[in-house]
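> take a look and give me a structure for this.
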Amino acid sequence: MDGRLRASLGKIFRDEQISEEVSALIIYSRDLNPIGTIFTQQGRLMTKPDAVVWPDEIGQIQELVKLANTYTIPLIPYGSGSGVCGGANPVGRGIIVDMKKMARIRKLDTYSLTAEVESGFIGELFERELNAKGYTLGHFPSSIWCSTVGGWLAARSAGQLSARYGKIEDMVLGIEAVMPDGDILKTKVTPRSATGPDFKQVLVGSEGTLGIITAATLRINPYPASRRFSGFMFHTVRDALEAIRELMQTGVRPAAVRLYDEIDTFMIGSGKGSKKLLSHEQEDEHTEDFKKAIIKKAERMVLTVPTIVNRVIKLLPANNLLILTFEGAPDMTAVEMERATRIMQSHGGRDMGEDPGKYWWEHRYDVSFNLSPLYSIRAFADTIEVATTWDKLMSLYERMREAIGRHALVMAHFSHVYQEGGSIYFTFAASTYDESQKEALYRQTWKDALDTATDVGATISHHHGIGMLKAQWMDKEHGKAMEIYRQLKKIVDPNNIMNPGKMGL
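Numbering: from 1, shown residues only. Coordinates of the predicted model:
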């Protein structure tokens with residue numbers, strides 16, 4: 001790094017707040033986008049930053065932004081690196097701004113039910129602190145143990161209880177950010193306003209391209225006094241979706257709604273146990289190494305012929321598991337549960353009792369940490385989350401499953417639903433014996449999937465954001481509005497120092 005720039009950084013940060021160590025630069029060169037893992041397995045490196053800094057107060061960030069403008073060096077805001085779209089990856093030189101040392105609840109207003117929290121707070125720790133005081137944010141992404149409040153806001157994340165509490169953009173009442181000129185923008189905290197554009201929502205979802213979010217005021221809720229679970233089995237995805245649509249349009253608000261298609265239902269079992277097609281967790285620890293090697297070879301072979309496997313899987317029993325949870329006041333959850341049961345049964349849902357819902361609740365974060373066995377057999381896996389209105393949802397599911405299925409083993413579940421429509425969360429896994437073709441296979445799978453989503457009229461991302469992975473579809477996604485975004489970027493960030501190369505910019 002330029003000696004003068006390094007000396008200037010030393011005037012802003014203490015020595016322990018700056019790193020140029022090669023190990024740190026390699027670690028901070030990527031997020032959890034599978035391309036990074038594919039590169040690592042092939043002995044390739046992602047583009048490394050010049051340095052990593054850990055600010056612990058907003059004044060340091062202001063001075064850093066002014067310095068970045070002087071040297072025209074990019075700044076890449078970094079929460080915990082749990083994103084899966086390349087949003088925190090440097091695209092050239094740059095300084096990673098790790099926000100995790102800014103992790104305080106500045107103000108807890110139990111009368112208005114709001115909390116002002118700094119953006120570097122790890123989600124699980126923030127939720128636990130609220131719980132200890134009798135409150136909850138109601139935001140539970142599967143990455144909650146390793147993602148930050150700032151990351152949630154930057155990518156418009158969704159939690160597992162979105163049907164009741166909404167996504168993160170529904171919870172934010174005010175934003176504080178350091179803008180590209182070093183000034184602080186702090187929006188007024190109000191429940192609603194009619195004073196023109198909502199500028200906090202311009203920053204939410206901008207993935208660091210318009211400024212660095214340092215804090216937010218969020219809506220919180222009393223910790224629920226009651227929580228109820230239920231599960232229903234449907235013969236078809238279509239029947240289950242009709243039941244969910246009626247439920248949401250009737251006004252019942254479950255906390256969680258999760259519908260698994262036939263393959264996903266088979267993978268997770270009925271909720272009382274776990275049928276893991278691609279995991280060795282149930283194997284006896286004394287299984288012979290030879291047997292393990294044979295199993296691994298068989299699994300990789302399965303993932304190299306996805307079209308055949310996807311056809312065979314269609315012979316699975318027509319079981320589609322739907323899980324519902326309700327939380328809040330005991331009398332309200334009892335009424336909602338009873339009403340939901342009637343609606344589910346009227347559409348052919350077979351009542352499975354509370355066990356599937358309870359099992360899901362106890363294991364609801366496991367899936368995010370169960371991918372290692374796939375990578376150990378030189379395969380890869382990823383997820384694609386899209387959304388559309390009810391009239392297009394079934395078509396979107398069928399067409400995208402077909403498009404992805406040409407390249408990979410594919411399954412899906414529906415986990416975020418609204419009065420107007422819902423989201424589909426596709427999981428896919430694939431492999432190739434030719435290591436040099438792995439990246440091309442991964443990218444082609446994504447291209448066919450998002451081309452299909454765009455053709456149907458769905459949004460290309462419901463809650464993972466854009467980063468670099470989905471950037472090429474942003475013009476089709478936004479049309480004329482994308483030009484407004486580009487012009488706004490030029491005006492507020494003329495030196496293009498704020499996370500360049502992301503979001504289709």
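
> where's residue 344, which helix or strand?
Per DSSP states H and E, residue 344 falls inside helix 330-346.

> how about the next helix or strand after that helix, which residues are buried there?
Using DSSP H and E, the helix or strand that follows helix 330-346 in sequence is strand 350-353. Residues of strand 350-353 classed as buried: residue 352 (neighbour count, 16 or more other Cβ atoms under 10 Å). To be clear about C-beta, it is placed using only N, CA and C from the backbone, and glycine gets the same treatment.

> repeat for stretch 397-405
Across stretch 397-405, burial judged by 16+ other Cβ under 10 Å covers 397, 399, 400, 401, 403, 404, 405.

> mind checking the pLDDT average for stretch 443-452?
Mean pLDDT, stretch 443-452: 98.

> if you count neighbours, what's buried in that stretch?
In stretch 443-452, counting by 16+ other Cβ under 10 Å, buried: 445, 446, 448, 449, 450, 452.

> likewise stretch 127-144?
127, 129-130, 135-144.

> also stretch 78-94?
Counting neighbours by 16+ other Cβ under 10 Å, the buried set in stretch 78-94 is 78-90, 93-94.

> cool, and stretch 455-472?
The neighbour-count check on stretch 455-472 (16+ other Cβ under 10 Å) flags 456, 458, 460-471 as buried.

> with distance to residue 335 and secondary structure added, can I get the residues you listed in a markdown table?
Output for the buried residues of stretch 455-472, formatted as a markdown table (distance: Cβ to Cβ, whole Å; DSSP: H, G, I helix; E, B strand; the rest coil):
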| residue | distance to residue 335 | secondary structure |
| --- | --- | --- |
| 456 | 36 | helix |
| 458 | 34 | coil |
| 460 | 38 | coil |
| 461 | 35 | coil |
| 462 | 29 | coil |
| 463 | 29 | coil |
| 464 | 35 | coil |
| 465 | 37 | coil |
| 466 | 40 | coil |
| 467 | 42 | coil |
| 468 | 47 | coil |
| 469 | 43 | coil |
| 470 | 41 | coil |
| 471 | 46 | helix |
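
> tell me, how many residues neighbour residue 62?
Residue 62: 20 surrounding residues under other Cβ atoms under 10 Å.

> assign it to helix, strand or coil.
Residue 62 falls in the helix class when you classify it by DSSP: H, G, I helix; E, B strand; the rest coil.

> now swap in residue 77 and tell me
The three-state assignment at residue 77 reads strand, by three-state DSSP.

> just the one 5 residues further on next, same as before
Using three-state DSSP as the criterion, the local structure at residue 82 reads coil.

> quick one: least confident of the buried residues of stretch 78-94?
Among those, residue 93 carries the lowest pLDDT, at 90.

> for the closest residue to that one other than its chain neighbours, give me the pLDDT.
Spatial nearest neighbour of residue 93, excluding adjacent residues (Cβ to Cβ, 6 or more residues apart in numbering): residue 50 at 5.1 Å. Per-residue pLDDT puts residue 50 at 97.

> likewise for residue 283?
If you check residue 283, the pLDDT there is 40.

> could you point out which element follows the worst-scoring helix or strand of the chain on mean pLDDT?
Lowest by mean pLDDT, DSSP states H and E among the helices and strands of the chain is helix 289-304, with a mean of 59. Following helix 289-304 in sequence order, the next helix or strand is helix 306-313 (DSSP H and E).

> which residues sit against that following helix?
Applying Cβ atoms under 8 Å, 6 or more residues apart in numbering, the contact partners of helix 306-313 are 262, 263, 266, 302, 303, 405, 406, 407, 408, 409, 410, 430.

> PyMOL command for the buried members of these?
To isolate the buried members of those in PyMOL, using 16+ other Cβ under 10 Å:
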select buried, resi 262+263+266+302+303+405+407+408+409+410+430
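
> residues touching residue 420, list them.
By Cβ under 8 Å, 6+ apart, the contact set of residue 420 is 389, 390.

> change it to 10 Å
The contact partners of residue 420, by Cβ atoms under 10 Å, 6 or more residues apart in numbering, come to 245, 248, 249, 387, 388, 389, 390, 391.

> what is the fourth one paired to in the beta sheet?
It refers to residue 387. residue 423, residue 459 (DSSP bridges).

> ranges for the helices of the stretch 101-250 of the chain?
Using DSSP state H, counting those that start in this stretch, the helices of the stretch 101-250 of the chain run over 123-132, 149-155, 162-165, 168-171, 199-203, 237-250.

> possible to save those as TSV with mean pLDDT and distance to residue 331?
Below are those laid out as TSV (pLDDT from 0 to 100; distance: least, Cβ to Cβ, whole Å):
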stretch	mean pLDDT	distance to residue 331
helix 123-132	98	23
helix 149-155	98	32
helix 162-165	98	16
helix 168-171	98	25
helix 199-203	97	35
helix 237-250	98	18
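
> closest one to residue 375 among those?
Taking Cβ to Cβ, helix 149-155 is the member of the helices of the stretch 101-250 of the chain nearest to residue 375, at 22.7 Å.

> for the closest one, list the C-alpha coordinates in CSV.
Taking Å, rounded to 0.1, in the frame of the first residue of the first chain, the C-alpha atoms of helix 149-155 are listed here in CSV:
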residue,chain,number,x,y,z
VAL,A,149,-27.7,-5.5,11.5
GLY,A,150,-25.9,-3.5,8.9
GLY,A,151,-25.7,-6.4,6.6
TRP,A,152,-29.4,-7.0,7.0
LEU,A,153,-30.2,-3.4,6.0
ALA,A,154,-27.7,-3.3,3.2
ALA,A,155,-29.2,-6.4,1.4
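
> just the buried residues of stretch 127-144 now: which is nearest residue 112?
Of the buried residues of stretch 127-144, the one sitting nearest to residue 112 (Cβ to Cβ) turns out to be residue 135, at 12.0 Å.

> ok, the closest one touching residue 113?
Yes: when contacts are counted by Cβ atoms under 10 Å, residue 135 is listed as touching residue 113 (7.6 Å).

> now the common contact residues for those two.
With Cβ under 10 Å, 6+ apart, residue 135 and residue 113 have common neighbours 220, 221, 222.

> show me the contacts for the last one.
Put plainly, it is residue 222. Residue 222 neighbours (Cβ under 10 Å, 6+ apart): 110, 113, 134, 135, 136, 328, 329.
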